[in-house]
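**Student:** Test case, fold it:
(one chain, ligands or ions: 4)
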Amino acid sequence: EVKKSGRNSWQFYTTAMQLESEQKHHLYNELVMAIDNNQLTVFYQPIVDAASGRVVSCEALVRWPHEEGWIGPDTFIPIAEERGLINRIDLLVLRSSLQFLNELNTSLERPLALSVNVSPRLLHLRDDDAQEWLRELERETTVRVTIEITERVLVEDSDQTHKILDQLHEAGVQIAIDDFGTGYSGLSYFSRFPVSSVKIDRSFVQDLGVKSTETTLVETILLLASKLNIKVVAEGVETEQQAEFLRLNRCDFLQGYHISKPLSEQDFRDFVTSRA
Ligand code: C2E
Ligand code: MG
Ligand code: MG
Ligand code: MG
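**Tutor:** Ligands and ions are numbered 1, 2, ... in the order given. Modelled structure (predicted):
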C-alpha cells in the first residue's frame, strides 16, 4: 500500500513539475513578446512623509497587462531573472518612470523623488544592458533617484557591485535596502556601502502592535537607523494604527495601501495634484 501511494505521488509530482515548466516556458515566450511590443507598464505607489503626510516620492512597480488579466511582478520577475530578461525590464522601467516623473515634476511646486527596484542580476553583470542602465541614471534630470536593492546584493559584495554602486553614489543616486529585516545576514555592509535608507518589510509592519516580537523589531530598526543616520520607509502600511505607531516612533516615510495602492500614471498624477 505504502509503496503504491508513494509511486503515485511521485508520478503526480513529475507531471506537475512538467506542467509547471511548460507553463513557465509559455509565459517566458509571451513575456519576450510583451517586452518587444512595449506592453509592460509602470505603476506608481506614493511614499509620504510620515509627519506631514505630504507625498514626497513614489516607487515604480512594473505591471504586465495580459489578455487573461494583469500579471504581477512576483510571477514574472523570477522567470525574467532566470532567463536573462530582467535587465531589459529594469531598463525599460527606469526609462519610462524617469520620463514620467520628469514631466510630472514640471507641474509641481515640490518635485517628487523616484524609487526603482533593481535586480541583483543587473548589478552583478557588466554587459551592455547594465551599462545602458547606468548611463540612464547618470543623465541629468530633475528627478532624485533611489535604487532599491536587497541585502543579498550587498552581502555578496563583489568588486563589480562595489564599482557600480560607487559610480551611482557619485552620480547622486541613493541606495535603499528593500525588504529590510527579511534576509538578516549581519549589518557590516552598512560600513562598506553608502546606504541612505532602509525599507522595513511589510511582514513586520503588518504585525505592529499585534505581535510583540515584530513590534520590538520595528522599534529596533528605527533606533538603529537613527544611530546610523539613515532614513526609514515603512512598507505595507495598511491601517491608521500602524501609521500612528510609526509616526510616534519617528519613522520617516510611509508607503502602503493605507495611503494608496500603486496607481497608473493618470491616477497617480490625480492623486498627487489633489493632495498638493
Ligand atoms: P517590493 O519592491 O518590496 O515592492 C512592494 C510590493 O508590496 C509591491 O508589490 C506593492 O504593490 C506591494 N504593496 C505595497 N503596499 C502594500 C500594502 O499595504 N499591502 C500589501 N499586501 N502589499 C503592498 P508588487 O508591485 O507586486 O511587486 C512585488 C515585487 O516585485 C517588488 O517588491 C519588487 O521586488 C519586484 N519588482 C516590482 N517592480 C520591479 C522592477 O521594475 N524591477 C525589478 N527588478 N523588480 C521589481
Ligand atoms: Mg521595492
Ligand atoms: Mg519591499
Ligand atoms: Mg519585496
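
**Student:** For Leu154, pull up the helix or strand it's in.
**Tutor:** Secondary structure assigned from DSSP states H and E places Leu154 in helix 151-156.

**Student:** just checking, next helix/strand downstream of that helix?
**Tutor:** Helix 151-156 is succeeded, C-terminally, by helix 159-170 (DSSP H and E).

**Student:** Return that following helix as PDB; C-alpha atoms alone will do.
**Tutor:** Coordinates of the C-alpha atoms in helix 159-170 are reproduced here as PDB (Å, rounded to 0.1, in the frame of the first residue of the first chain):
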ATOM      1  CA  ASP A 159      34.000  44.000  -6.900                       C
ATOM      2  CA  GLN A 160      31.600  44.600  -9.700                       C
ATOM      3  CA  THR A 161      28.700  45.600  -7.300                       C
ATOM      4  CA  HIS A 162      31.100  47.900  -5.400                       C
ATOM      5  CA  LYS A 163      32.100  49.600  -8.600                       C
ATOM      6  CA  ILE A 164      28.600  50.100  -9.900                       C
ATOM      7  CA  LEU A 165      27.300  51.300  -6.600                       C
ATOM      8  CA  ASP A 166      30.100  53.700  -6.100                       C
ATOM      9  CA  GLN A 167      29.600  55.100  -9.500                       C
ATOM     10  CA  LEU A 168      25.900  55.600  -8.800                       C
ATOM     11  CA  HIS A 169      26.600  57.200  -5.500                       C
ATOM     12  CA  GLU A 170      28.800  59.700  -7.200                       C
END
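
**Student:** buried residues in it?
**Tutor:** Within helix 159-170, the residues that count as buried by 16 or more other Cβ atoms under 10 Å are 161, 164-165, 168. In this view, the C-beta of every residue, glycine as well, is placed from N, C-alpha and C.

**Student:** again, but for stretch 97-108
**Tutor:** Per 16+ other Cβ under 10 Å, stretch 97-108 contains these buried residues: 97-98, 100-101, 104-105.
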